[in-house]
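**Q** pasted the sequence and its predicted model underneath.
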Amino acid sequence: MLLARVIGTVVSTQKDDALQGRKLLLLRPLLVDEAGQFRPGPSTIVAVDSLGAGQGETVLFCQGSSARQAAGMATVPVDAVVTGIVDNVDVNHRTIYPEPAKTSK
């Protein structure tokens, strides 16, 4: 599984029948640098959303043959599926998502 941020949606009126009625999301994979900070990856991915994720959310997704193992995807021609909506991410005992609230002085 990989982490990504939902950066948009994809609308396709002409598509394989097995994709009819399925929401397509545009994802930007996330990398975690040595300082424990998210940074966007260099590419974007179109993934089927079966969970109701929305713009700006951080999600888990899988690709390739793993995507077809997600519930209800065995007969769908997919290469990427959102498999989780992330609540928090900790790196080295420090929460990096959601970003800690900044206090003003």
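**A** Arrived safely.

**Q** and the residue nearest to Phe38 when sequence neighbours are not counted, how many neighbours?
**A** Counting by CB to CB, 6 or more residues apart in numbering, Phe38 lies nearest to Leu30, which is 4.8 Å off, once chain neighbours are set aside. C-betas here are computed from N, CA, C, even on glycine. Neighbours of Leu30 under the rule other CB atoms under 10 Å: 19.

**Q** quick one: pLDDT of Leu30?
**A** As predicted, Leu30 sits at a pLDDT of 96.

**Q** before we move on, what about Met1?
**A** pLDDT, read off for Met1, is 92.

**Q** for it, list the residues it contacts.
**A** Residues counted as contacts of Met1 (CB atoms under 8 Å, 6 or more residues apart in numbering) are Leu60, Phe61, Cys62, Ser66, Thr83, Gly84.

**Q** need these in a markdown table with distance to Pro42, secondary structure and pLDDT, can you?
**A** Converted to a markdown table, these look like this (distance: CB to CB, whole Å; DSSP: H, G, I helix; E, B strand; the rest coil; pLDDT from 0 to 100):
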| residue | distance to Pro42 | secondary structure | pLDDT |
| --- | --- | --- | --- |
| Leu60 | 19 | strand | 96 |
| Phe61 | 16 | strand | 96 |
| Cys62 | 19 | strand | 94 |
| Ser66 | 21 | helix | 84 |
| Thr83 | 22 | strand | 94 |
| Gly84 | 23 | strand | 95 |
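
**Q** counting neighbours, which of the residues you listed comes out on top?
**A** Counting by other CB under 10 Å, top hit in these: Phe61 with 25 neighbours.

**Q** so it makes contact with Ile85?
**A** No. Counting by CB atoms under 8 Å, Phe61 does not reach Ile85; the two are 10.5 Å apart.

**Q** sorry, back to before: JSON lines please, covering the contacts of Met1 and showing distance to Pro98.
**A** Shown next, in JSON lines, are those (distance: CB to CB, whole Å):
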{"residue": "Leu60", "distance to Pro98": "15"}
{"residue": "Phe61", "distance to Pro98": "19"}
{"residue": "Cys62", "distance to Pro98": "23"}
{"residue": "Ser66", "distance to Pro98": "26"}
{"residue": "Thr83", "distance to Pro98": "20"}
{"residue": "Gly84", "distance to Pro98": "15"}
